[in-house]
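**Q** sequence below, structure please.
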Amino acid sequence: MDPRVKRTRKRIQDALFELAHEREFEQIAVSDIAERAGINRSTFYQHYADKETVLADALDAVAAEAGAALDTELVLADGPPEVLRNFMAHIEANADIYRQVFSGAGSGVALARLQSHVIGAIDGVARATQLGHPLPAPVEVVAAGVAGSMVGVIGAWLEMEPLPSSAEAARWAWEIMIGPPTAEGTACL
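**A** Have a look, this model is predicted:
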């Protein structure tokens, strides 16, 4: 990608992310984003079709910068892997924005992107588990089901007052994802 395009997209993402910290996502207009980014509306639309996609890209970029991108498959472990702990800490640090993503007026694009990332990360756990015992459905279906549960955990966690720690939420998500440890000390998916 052309470096100028990358820079402009980054400015647009940063502008939306800053605005989302200041006010509700639904109250942010494309013209607000363009003004904050120092561009005009036509430039915005040369790079993005809508603000929902900008939000999804911005959340991905911020997660990557924080070392919290779910771009690697999770592996079976005794507790939540570091990438999951980092990801949950990223969500905690940006809880107000993620609450907007999960709200009724939130961003379906960002929520769908989040679920897609979780499915990709879980795929490896599902395939590893399949080697120990047959899964009740194809790996892709199991990964999608577990990802839906994890996204549900994140949404429920974000609604709690006071907000429990990201470490606690990561533990909940991990145990729901792979099942609680069994008497033999192994997890089940």
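**Q** contacts and neighbour counts: CA atoms only from here.
**A** Noted.
**Q** do you know how far the most centrally placed residue in the chain is from Glu26?
**A** The centre of the chain sits closest to Leu114, judged by C-alpha atoms, centre = their mean, with a distance of 3.7 Å. Leu114 sits 19 Å away from Glu26, going by C-alpha to C-alpha, to the nearest Å.
**Q** so, low pLDDT: which residues of the protein?
**A** 71-77, 104-106, 124-133, 179-189 (pLDDT under 70).
**Q** mind giving me the domain ranges of the chain?
**A** Per automatic domain parsing, the domain ranges recorded for the chain read 1-49, 51-189.
**Q** the residue nearest to the centre of the chain: what's it in contact with?
**A** Val151 (C-alpha atoms under 8 Å, 6 or more residues apart in numbering).
**Q** for the protein, what spans make up the strands?
**A** Ranges of strands within the chain: none, based on DSSP state E.
**Q** residue ranges for the helices of it, please.
**A** With DSSP state H, the ranges of helices along the chain come out as 3-22, 30-37, 41-47, 51-65, 82-93, 95-102, 108-132, 139-159, 166-178.
**Q** for the second one, which outside residues touch it?
**A** Among residues not part of helix 30-37, those counted as contacts by C-alpha under 8 Å, 6+ apart are 11-12, 14-16, 19, 40-41, 44, 50-51.
**Q** let's see 7 Å
**A** Where contact means C-alpha atoms under 7 Å, 6 or more residues apart in numbering, the residues beyond helix 30-37 that reach it are 11-12, 15-16, 40-41, 44, 51.
**Q** now swap in the first one and tell me
**A** Contacts with helix 3-22, where a contact means C-alpha under 7 Å, 6+ apart, come from 33-34, 36-37, 47, 54-55, 57-58, 97.
**Q** rerun that using 6 Å as the cut-off
**A** Outside helix 3-22, the residues within contact range by C-alpha atoms under 6 Å, 6 or more residues apart in numbering are 33, 36-37, 54, 58.
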